[in-house]
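Novice: output the structure for:
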Amino acid sequence: MACFVVPGAVAVVTTVLRKRFPRGYHIDWLNIMLWGGVVALAVEHIAHQEIVPYPPFLTAGLLEVLPEMLSIGVPMTIFVVIAWAIMVVIANRVKLTEKEKYIAKA
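Specialist: Reported below is the predicted structural model:
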């Protein structure tokens, strides 16, 4: 019901602070992955009427929402960050390898 809140909070922070991350971290990749997941989950929850366009917005109470955020939202966010980190490591290694090949030819 509110599992998208955790990646949404991380996405807000990384979007606001994106200029502070070094270019090699490809923080935009993480933002795209997080925001894409948030939008997809929000649409799914709206389709199942778990989110409504009027207060309190979530159809469940805090006692139902908090465990879901902890059991689904946190692990989902961690896995997205791990996938992003793997992508960054691979991209930077490929870039380094291409640079080494260029230097060796020169």
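Novice: which residues of this protein score low on pLDDT?
Specialist: 106 (pLDDT under 70).
Novice: mind checking the longest helix of it?
Specialist: helix 74-105 (DSSP state H).
Novice: so how far is that one off the chain centroid?
Specialist: 17 Å (Cα atoms, centre = their mean, to the nearest Å).
Novice: name all residues that make contact with residue 82.
Specialist: Applying Cβ atoms under 8 Å, 6 or more residues apart in numbering to residue 82 gives no contacts. In this view, the C-beta of every residue, glycine as well, is placed from N, C-alpha and C.
Novice: for it, give its distance to residue 64.
Specialist: According to Cβ to Cβ, to the nearest Å, residue 82 stands 27 Å off from residue 64.
Novice: spatially nearest residue to residue 4, not counting backbone neighbours?
Specialist: residue 41 (3.8 Å; Cβ to Cβ, 6 or more residues apart in numbering).
Novice: I'd say the one you found and residue 3 touch.
Specialist: Yes: Residue 41 is within contact range of residue 3, at 6.3 Å (criterion: Cβ atoms under 8 Å).
Novice: most centrally placed residue in this structure?
Specialist: Centrality entry for the chain: nearest residue to the mean C-alpha point is residue 34, 2.3 Å, by Cα atoms, centre = their mean.
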